[in-house]
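Trainee: with the input below, show me the fold.
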Amino acid sequence: MNTQLPRKVLVTQRFFDPESIAYLQGQGCEVSIAELAQGQGDGDLDEAQLLALLADADAWIVGHAWVTAQLLEQLPRLQVIARRGVGYERVSVDAVQASGKVATIAVGGNDASVADHAIAMMLALGRLGEAKARMLQGDWGIALGRDLYRKTVGIVGLGRIGRGVVKRLAGFEAKVLAYSPNPDWSYGREAGVQYVDLDTLLAESDYVSLHAPLNEDTRLLIDAPALNRMKPSAVLINTARGGLVDDRALLEALLDGAIAGAGLDVFLSETDPTYRATTEALLALPNVVATPHSGASTHEGLQRTNLIAAQCVVAVLNGDTPPASCVIADGRGALPTEE
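Mentor: Predicted coordinates for the structure are as follows:
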C-alpha cells in the first residue's frame, strides 16, 4: 500500500456509510464529508463552492455535481473523481482525460435497487393507484386494479438493470419484449426475451420500462409519436434518465387518456428548469407514481455503491487501476512526463 499520508478524500454525497468511511481510513485516507444544507445536493453547488471544498483533495467521491474542464484545471492535486452511481453525463470525460486524472463509476452497486424500484412502480400503478387518497377522503369503495401477472412488459435497454428487471418478471410469468440497438441473441434465448423493434414494443406492451443510457441517440426517445403508439391501457415506467422522455408530451398523453399511467423516478426538470411546471403538473395527476430520483437510494444499494467508489479511489491513489468496467476516463498516460 502507498504509505504517503495524508491522502485526502472529499465526499459530496449524503448517506456515506460508516463502513465505507472506515475502509478508506484503513487504507490511509483522511475522509471529509461536505456539509450540505437541508435539501441541497452537490449538483446545486457552484464552481466557487466546489473549489473551496476540493482545494486540498486528492480524491473526490461525487454525486451529481458538474465536473467541467474549467473546474479540473484549478484542481492540480486532485487525482480521481469517483461517481457514486453509474450515469456520468455531468462528467466531462474528455476534460478528465486531458487533465491526467481518472474518473470512475460504481458499476454493479445499485442495479438490484433500481430493478426493484421499477417493479415496485409497476405494482403500485396496477394495484394501488388512487386507493389511499380515496380512503383518506372517506371513500372505501373497491377500486379495481390490474395484474402484472402474465402481462406483456417491454424493456427498452437491456443492460445490467434491464436484465435485473427481466429476472424479477419471471416470477410474474410475464411475456418480455426488448428493444436494444445491439441485441444479445444468446441472452434473449436463455432469458426468454423476444427482441423487437421499438414500434412493436410500444404497440404490444402493457408496461414499458426504460433502462437505456442517455445519449444523442436516446434523447427524447419517448416523444409524442412514441406515446401515441402505446395502448391506452399501457403504463410507462422511467427509472433511467429524465431526458429519455419528452415530459410535456407525456403530460398531454396522460391528460388525453392516450396511456393509462406513468411511474417516474426521473424528470427533464432535473437538468432543464423550464420543465419545472410540467413536472409539478405530472406530480398532481392521480395516475402518476413519482419518486425524487431515488430508485438507487436504498440503505443496501448506497452501501454497495459507496464501497465501490471508495475501492476505485484507493486503487488510483495506490497507483493501480480500478476494474475496467468502472473506469470511464484514465488520463494518467495522457500528460507528457518531465525530462
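
Trainee: can you give me the helices for the stretch 151-300 of the chain?
Mentor: 160-169, 185-191, 198-204, 224-229, 247-256, 276-283, 299-317 (DSSP state H, counting those that start in this stretch).

Trainee: now mean pLDDT and distance to Ala37 too, for those helices, in CSV please.
Mentor: (Glycine included, C-beta is placed from N, CA and C.) CSV is the format used below for the helices of the stretch 151-300 of the chain (pLDDT from 0 to 100; distance: least, C-beta to C-beta, whole Å):
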stretch, mean pLDDT, distance to Ala37
helix 160-169, 97, 31
helix 185-191, 95, 45
helix 198-204, 98, 42
helix 224-229, 98, 37
helix 247-256, 98, 27
helix 276-283, 98, 20
helix 299-317, 97, 20
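
Trainee: which one of the ones you listed is the most hemmed in?
Mentor: Among the helices of the stretch 151-300 of the chain, helix 299-317 has the highest mean neighbour count (mean count of other C-beta atoms under 10 Å), at a mean of 23.

Trainee: just give me how far that one sits from the chain centre.
Mentor: Relative to its parent chain, helix 299-317 has a centroid offset of 16 Å by C-alpha atoms, centre = their mean, to the nearest Å.

Trainee: for that helix, packing partners?
Mentor: Applying 3 or more C-beta pairs under 8 Å, 6 or more residues apart in numbering; DSSP states H and E, one finds that helix 299-317 contacts strand 7-11, helix 18-26, strand 29-33, strand 59-62, strand 80-83, strand 102-104, helix 111-123.

Trainee: so, low pLDDT: which residues of the chain?
Mentor: The model of the chain has pLDDT under 70 over residues 1-5, 334-339.

Trainee: could you list the domains of it?
Mentor: 7-109+298-330, 111-290 (automatic domain parsing).

Trainee: how far is the shortest one from where the chain is centred?
Mentor: For domain 7-109+298-330, the distance between its averaged C-alpha position and the chain's averaged C-alpha position is 16 Å (C-alpha atoms, centre = their mean).

Trainee: from start to finish, how long is it in a straight line?
Mentor: End-to-end distance for domain 7-109+298-330: 19 Å, by C-alpha to C-alpha, to the nearest Å.

Trainee: now the last one
Mentor: Its first and final residues considered, domain 111-290 spans 19 Å by C-alpha to C-alpha.

Trainee: likewise for stretch 287-304?
Mentor: Across stretch 287-304, first to last residue, C-alpha to C-alpha, it's 33 Å.

Trainee: neighbouring contacts of it?
Mentor: 15, 17, 19-20, 84-85, 106, 108-110, 112-114, 116-118, 121, 124-125, 128-130, 239, 254, 260-267, 270, 282-283, 305 (C-beta atoms under 8 Å, 6 or more residues apart in numbering).

Trainee: check contacts around the residue most central in space within the chain.
Mentor: In the chain, the C-alpha nearest the mean C-alpha coordinate belongs to Ala240, at 5.2 Å (C-alpha atoms, centre = their mean). Contacts here follow C-beta under 8 Å, 6+ apart; on that basis Ala240 touches Gly157, Ile161, Leu210, His211, Ala212, Pro213, Leu214, Val266.

Trainee: one more: Gly126?
Mentor: If a contact means C-beta under 8 Å, 6+ apart, then Gly126 has Gly145, Arg146, Asp147, Leu148, Val235 as its contacts.

Trainee: scan these and report the most crowded one.
Mentor: Greatest neighbour count in these, by other C-beta atoms under 10 Å, goes to Val235: 27 neighbours.

Trainee: that one touches Arg127, doesn't it?
Mentor: No. Applying C-beta atoms under 8 Å as the test, Val235 and Arg127 come out as separate, 11.6 Å apart.

Trainee: quick one on the thing from earlier: between the contacts of Ala240, which is nearest Asp42?
Mentor: Asp42 has its nearest neighbour among these in Val266, at 17.4 Å by C-beta to C-beta.

Trainee: how close does the closest one sit to Ala290?
Mentor: Val266 sits 10 Å away from Ala290, going by C-beta to C-beta, to the nearest Å.
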